[in-house]
Structures are given as structure tokens and as C-alpha cells.
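1. Below is the sequence, then the predicted model.
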Amino acid sequence: MKYIIAIIQPDRLDEVLNRLTEKEIHLVTASNVLGRGRQKGIAEVYRSHKEAGSLLRKVKLEIGVNDEFVEAAVEAITAGARTGQIGDGKIFVLDMADCVRIRTGERGGKAIG
Amino acid sequence: MMASKATGSRVLFICGAVLLATLALPSPARADTPATPPAAGAIDSGDTAWVLVGTAMVMLMTPALAFFYGGLVRRKNVLSILMQCFMILCLISIQWMLFGYSLSFGPDHHGVIGDLAWAGLRGVGAAPNPEYAKTIPHQLFMAFQMMFAVITPALILGAFVERMKFSAFCIFSLLWATLVYDPVAHWVWGTGGFLHTMGTLDFAGGTVVHINAGLAALAAALVMGKRQGFPHAISPPHSLPLGVLGAGMLWFGWFGFNAASALGSNGLAVSALVATHAGAAAAGLAWSILDWIKFGKPTTLGMITGAVAGLVAITPASGYVTPMGAMAVGAGAGLICWCSVTWCKARLGYDDSLDAFGVHGVGGIWGAIATGIFATVAVNKDGANGLLAGNPAQLLIQLKATGVTMVYSFVVSIILFKVLDWVIGLRVSEHEERVGLDLTQHKEAAYTLVD
């Protein structure tokens, strides 16, 4: 089992979710986050004073998958989130020790579904 | 049917007023002032109704200002702004009824200050005071003026947001209202006040309210110093929609501020309302266009700031200028305040956090001068002609009144801030400033993170 964390552009969220659904990956948690990489932010102007925000708005997706779905998930996220511009984001794949479905108490791979 | 009802209520009202006036007069304080005939029965129900509504509208401007300012600070400080505005609303209302009104409008001493004859609103009743407003109850004039006394110190807080101790703020506001607002209101509006006698035109408070508060704001920014992280590490406004709500409510309330300053329901009130609207609209547009040209995009904050600058500038002129004159005053306010906020503040480097000086001070100064340029007796026969109507002397009078108010407000405010800083300290600790005033001054948070 793997735990996938993807940081993507907020405006790519719908497309990524569509691609994940196509690959029958339903378990997704999304949150609004702030982050930064090498790109510079959009300069905002407040009463004539430019403010370049040091952190940018991003969306973080967290997805638990069984091993055979890892490549499908990575492909779906990459296809949905890629624009070719700096700032498209990152995908981190981590080992996951266990998974518990709270409703039934099931453990491991069959709890992910 | 409607007409007879209205007439009936008017008759009832006049009877009531006559009765109350008979009961209220003569008061001991006014027995020796010859120029106050009872004038009972002269109360006009239309005038009274409009000034009543106008009073309520101006009251709403202080909470409106709270939202305008509150939206522009960081999340951790929004409650402190709302709280400061509400504290002023309560504190200065009490001050005004106890002695502030009497100091401002009470019987004159040497053109400088009113005396305490009307303290506790003694003798301020339902009968009109013909020197101030012939057709409405004196008490209504007092209540209308109270809302001006309330909002003026509230304007100053834009300069010292996010760093002032609440206790110091309360003491400062009370002292400033007493030592700066009340005398200046007397000079300009009080019978016998020396700027009033000189012929200064200030329809609704450009000098008394905006220049006065604006210069105190500059003093605050200079004495208090910058916020930590100013200018580059301060987060942007936490809620521009709140700011827009506040600006919209201010614009609405300003119709009461300016149009009800006619103290009657008449052509002058309508003229002031139209001038107010024209000034705000022209200034909002001017600021937006300047933003568009300079930064490539018109900003929301720019447009609402421009509209407020226009409202500030048109305030002294609103009862004396034509709609076209008002547009010129507004467009000038947009341009001048934009320059002051964009260039001067950045060059001079002081942290007038929400541009209380840049908008109210600078806009007020322009408005007072513009009144001397655009005023015409064609609009208001009790006013005067300005420069464009062939009377350059009026411009000099306006400049003099502006200068006197600027110097007095700035000097006394600096002294007040310095003394308070020495006695109790003006600023919260560095730690408290980082945590935010909401938690450290009020033990509350504006927004929860969980449902």
C-alpha cells in the first residue's frame, strides 16, 4: 500500500479528480494549502503598493492506494495537473503501514476501496 | 387620505412641541441670553423627520467604518478594529451628552470654546435653538452633531491599527474628543466661534471632521512608529468584501452626513445629496483609472478608497457647489489622494496603516480649499461665492481655516500621544503584536477554524 501526496495548482483540481475517477480511484482527500517552489507568485497590488506573496495557493491531495493502483494514480494526477509551466506541482509516494475502515474495522488493502 | 393624516400628525406634533417647549423654558442658563426667543410652534415635521433619519444614518457610519477598516487588517486584528469603533460609539456619545456638546455649541467664550451651561443637556430640549436650527428640536440638533463627534475620533484609528493598546486608545479618544474635536467644532460651527465669524465655509465637516482627524492620524503614525514587518512583510487585507461592505455603508450614511447638514427637508438638502453622490462617483472613477494606467488593472481596494476620498472632499463643499462643481471636487480628490497614497507615503516611509491621513487628511484639505474655489451663492444664498464665482477672498479664508485646524490638531495630538506614551505606553508588546490584538486585548478570535 502506498500513500500518495500531490501538490497541484488549484485550477487543475477538477481535471485531476475526473482522471482519478476514470481509473476507479475514489478515495481522495483535498485541502487548500500554501506553498512555494522555485516560481514567483502573482504580484498583488494594494493601494498602489505591490505585494509579491511569498507563499502561493495550492491544493494538496492525499490518496491511499493498493500497490497495483500506484502507477494509475500517478498517471491520472500527472495528466490532469500538467500544463508545462513552472508551478505545476509535485507528487510524493510514501509507504503506508496499514489502513482501517472505521465503519467495519476491516484492515489493510481491502479497507482502501 | 394620506394628506389629511399627515396634516393631523403635524398638528399633533406642533401641539406637542409647543407643550414641551413651554415646559422646558426658560432654563436658568439661557435666561440672560437675549437672542433666544422661544420660537415655539416653528418646528417643521418634515425637517424634523429628515434630520432624525439623517442622525440614524450618520450613526451607522461608525460601524460602517469598522467594516471598511476591519476588512483591510489581518485576521488576527479585525475584532480590535470593530471593538475600537464600538467603544468610541459608546464612549464619545456619553462624553457628548455630559459635556462635549456644551463645549462645542454652548454659549461662547472669546470665540474659542463653549461653556458648560448646557452640560448634561441642561436646557437642550424639544424647543428649537434658532441660532443653530430654527425648525427642528434643539435636542435633535444635539443628537445629529453627536454622531459627528463619534465618527471623527474613529477615523484616526486607521493610522495606528494592529499595534495600539486598547486602554491607551480609550484614554486617547476621550481626551482627543474633549481637547481637539470640541474646540474645533466650536470654532467652525459654534455661534461666536472665531472661524465661524471669519466666514469659513464648512457645510458638513471637512475641517472639523476630516482635516482634524487626518492630522491626528499623521501624528499617531509618527509617534507610534511602524508595525513589525512594515512595509514588506505585512499580509494583504484579510477580507476585501468586508471592506467593500463598509465603504458602501459609508456612502449611504454620508447622504445623512451631508444632506441632513442642511438641517431641513428642502432644496438645499437635495442639492447636497446630489453633490455628495457626484463627488464620490467622480473620485471612485478617477482612482480606478489611475490604477488601470499605472498598474495595468483597476483594483477593488482602489475604487472603494477613491469613493471614500471623494466623499471626504465633497463634505465641506456639498452645500455650496453645483453638481458639476462637485464632480470636479471629486475627480481632484481621486487624483490628489491617489498621489498622496502612492507617492508621498512610500517616499516618507511612515506607517499610516489604512491611510487615514492620506485619504481623510489630504482629501479634507483639498475639500476645504476646493470649497473656496467652487462655492457659489447660486446654490446656497447663505453661503458665499468662491474663486470661480469671482471671490478669491473666500479661498484665502478657507486656507486660513485649514491651516489653523491642521496646526492645532497636529500639535495637540502629538502632545497627547507623547504624554500618554510616557505615562502608560501606547503600544502593545512585540509579542502581543505578533499574536494579534484580538486575542491579546480582547481574549477573542474573529473566525473559528472548526465548525
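-> Arrived safely.
2. Let me see the contact set for residue B:225.
-> By CB atoms under 8 Å, 6 or more residues apart in numbering or on different chains, the contact list for residue B:225 reads B:351, B:427. From N, CA and C alone the C-beta is placed, and that goes for glycine too.
3. Please identify which helix or strand holds residue A:58.
-> Taking DSSP states H and E as the definition, one finds residue A:58 inside strand A:56-65.
4. contacts for the helix or strand following that strand?
-> On the C-terminal side of strand A:56-65, the nearest following helix or strand under DSSP H and E is helix A:70-81. The contact list for helix A:70-81, computed with CB under 8 Å, 6+ apart, reads A:2, A:4, A:6, A:8-9, A:12, A:15-20, A:22-23, A:25, A:61, A:63, A:65, A:88-89, A:91, A:93.
5. Restricted to strands, list those residues.
-> Judged by DSSP state E, strands contain the following of the contacts of helix A:70-81: A:2, A:4, A:6, A:8, A:61, A:63, A:65, A:89, A:91, A:93.
6. dump the residue contacts of the last one.
-> Residues in contact with residue A:93 (CB under 8 Å, 6+ apart) are A:2, A:3, A:4, A:70, A:74.
7. neighbour-wise, which of those residues leads?
-> residue A:4 (21 neighbours; other CB atoms under 10 Å in any protein chain shown).
8. Apart from its neighbours in sequence, what residue is nearest it?
-> Spatial nearest neighbour of residue A:4, chain neighbours left out: residue A:63 (4.4 Å); criterion: CB to CB, 6 or more residues apart in numbering or on different chains.
9. per-residue confidence at that neighbour?
-> Looking at residue A:63, its pLDDT is 96.
10. who touches it in this structure?
-> Counted by CB under 8 Å, 6+ apart, residue A:63 has contacts A:3, A:4, A:6, A:20, A:25, A:27, A:28, A:29, A:73.
11. Can you tell me the strand partners of the strand holding residue A:58 and which way each runs?
-> Strands that pair with strand A:56-65, judged by DSSP bridges, come out as strand A:2-8 (antiparallel), strand A:29-35 (antiparallel).
12. Dump the following helix or strand past the last one to PDB, keeping only the CA atoms.
-> Next helix or strand after strand A:29-35 toward the C-terminus (DSSP H and E): strand A:43-46. Once non-C-alpha atoms are left out, strand A:43-46 reads as follows in PDB (Å, rounded to 0.1, in the frame of the first residue of the first chain):
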ATOM      1  CA  ALA A  43       2.200  40.200  -7.600                       C
ATOM      2  CA  GLU A  44      -0.900  41.700  -5.900                       C
ATOM      3  CA  VAL A  45      -1.400  45.400  -5.700                       C
ATOM      4  CA  TYR A  46      -3.000  47.000  -2.600                       C
END
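13. For stretch B:138-156, give the mean pLDDT please.
-> pLDDT averaged over stretch B:138-156 gives 97.
14. Not counting sequence-adjacent ones, nearest residue to the residue in chain B that chain A sits nearest to?
-> Taking CB to the nearest CB, chain A has its nearest neighbour within chain B at residue B:342, 3.8 Å off. Leaving aside its sequence neighbours, residue B:342 sits nearest to residue A:48 (CB to CB, 6+ apart; 3.8 Å).
15. got it, and residue B:361?
-> Here the residue nearest residue B:361, using CB to CB, 6+ apart, is residue B:214, at 2.2 Å.
16. what does residue B:166 give?
-> residue B:441 (4.4 Å).
17. Now do the contacts for whatever residue of chain A ends up closest to chain B.
-> Proximity of chain A to chain B (CB to the nearest CB) peaks at residue A:48, 3.8 Å away. For residue A:48, the contacting residues are B:291, B:294, B:295, B:302, B:338, B:341, B:342, by CB under 8 Å, 6+ apart.
18. Please state the backbone phi and psi of it?
-> Per-residue torsions, residue A:48: phi 70, psi 0 (degrees, to the nearest 10).
19. count of neighbours near residue B:315?
-> By other CB under 10 Å, the burial measure for residue B:315, its neighbour count, is 33.
20. which residues of chain B score low on pLDDT?
-> Within chain B, the segments meeting pLDDT under 70 span B:1-41.
21. Around chain A, which positions in it sit nearby?
-> Counting by CB under 8 Å from any CB of the partner chain, the positions of chain B adjacent to chain A are B:231-232, B:236-237, B:291, B:294-295, B:297, B:299, B:301-302, B:305, B:338, B:341-342, B:346, B:355.
22. Is it possible to mark the buried ones in these?
-> B:237, B:291, B:299, B:301, B:302, B:305, B:338, B:341, B:342, B:355 (16 or more other CB atoms under 10 Å in any protein chain shown).
23. need the contact list for residue A:104.
-> Residue A:104 neighbours (CB under 8 Å, 6+ apart): residue A:111.
24. follow-up on the earlier one: out of the contacts of residue A:63, what pair is the most spread apart?
-> A:3 and A:20 (14.9 Å; CB to CB).
25. Whichever strand or helix holds the residue nearest to residue B:361 packs against which elements?
-> Using DSSP H and E, residue B:214 sits within helix B:212-224. Here helix B:212-224 touches helix B:138-156, helix B:362-374, helix B:392-423, going by 3 or more CB pairs under 8 Å, 6 or more residues apart in numbering or on different chains; DSSP states H and E.
26. Please identify the deepest-packed of those.
-> Comparing the helices and strands packed on helix B:212-224 on average neighbours per residue, with mean count of other CB atoms under 10 Å in any protein chain shown, the densest one is helix B:362-374 at a mean of 29.
27. Alpha carbons of it, in PDB - could you do that?
-> Taking C-alpha atoms only, helix B:362-374 is exported to PDB below (Å, rounded to 0.1, in the frame of the first residue of the first chain):
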ATOM      1  CA  VAL B 362      -5.300  65.100   2.300                       C
ATOM      2  CA  GLY B 363      -8.900  64.700   1.000                       C
ATOM      3  CA  GLY B 364     -10.200  67.000   3.700                       C
ATOM      4  CA  ILE B 365      -7.500  69.700   2.900                       C
ATOM      5  CA  TRP B 366      -8.400  69.500  -0.800                       C
ATOM      6  CA  GLY B 367     -12.100  69.700   0.000                       C
ATOM      7  CA  ALA B 368     -11.700  72.700   2.200                       C
ATOM      8  CA  ILE B 369      -9.700  74.500  -0.400                       C
ATOM      9  CA  ALA B 370     -12.000  73.300  -3.300                       C
ATOM     10  CA  THR B 371     -14.900  74.800  -1.400                       C
ATOM     11  CA  GLY B 372     -13.200  78.200  -1.700                       C
ATOM     12  CA  ILE B 373     -12.800  77.500  -5.400                       C
ATOM     13  CA  PHE B 374     -16.200  76.100  -6.500                       C
END
